[in-house]
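Participant: curious how this folds, go ahead:
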Amino acid sequence: MDNVIIEQLSKYFKEMMQEIMLKEKEAYLKDHIETRGNGYYKRTPKTILTDMDLEIPRTRDGNFKPSIIPERKRKEIFINLKDRGLSGVKMIISV
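Facilitator: Coordinates of the predicted model:
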C-alpha cells in the first residue's frame, strides 16, 4: 500500500514539475523573442520520494534555466576551488 502511495505522489510531483518548467519556458520565450525552444535534456534529480527522470526544456540561446531545478553541484565545486586559488590543472587533479 505504501509503495502505491509513493508511486502516485511521485507521478503527480513529476507532472507538476514538468508543467511548471513548461510555463517558465513559455514566459521566457515571450520576454526573449530573439530565441526559440530547442527540445529537452534529461536530468534525474533525487527527491525525498525517489529519483525522478525529468525532461528539462531548453532554448536555442542556452540561457533558460528553470527555477525549480538547482544548478549542478559540480559547478559549485569548481567555483569553490577557484576561490581558494587553485588553477585549472590543480582543480582537475583535486576533483
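
Participant: now the residue sitting nearest the centre point of the chain: how far from residue 3?
Facilitator: Closest to where the C-alpha atoms of the chain average out (C-alpha atoms, centre = their mean) is residue 69, at 3.8 Å. With the distance defined as C-beta to C-beta, to the nearest Å, residue 69 ends up 26 Å from residue 3. All C-beta atoms are positioned from the backbone trio N, CA, C, and that covers glycine.

Participant: next: residue 50.
Facilitator: Residue 50 is 10 Å from residue 3, where distance means C-beta to C-beta.

Participant: picking up where we left off before, how about the residue nearest to the centre of the chain: what's its closest non-neighbour residue?
Facilitator: residue 56 (6.1 Å; C-beta to C-beta, 6 or more residues apart in numbering).

Participant: neighbouring strands - and their directions - for the strand or helix carrying the one you found?
Facilitator: When elements are defined using DSSP states H and E, residue 56 is found to belong to strand 54-59. Strand partners for strand 54-59, identified by DSSP bridges, are recorded as strand 37-43 (antiparallel).

Participant: thought residue 35 was touching residue 29?
Facilitator: Yes: counting by C-beta atoms under 8 Å, residue 35 sits close enough to residue 29 to count as a contact (6.9 Å).

Participant: so what sits against both of the two?
Facilitator: Counting by C-beta atoms under 8 Å, 6 or more residues apart in numbering, the shared contacts of residue 35 and residue 29 are residue 59.
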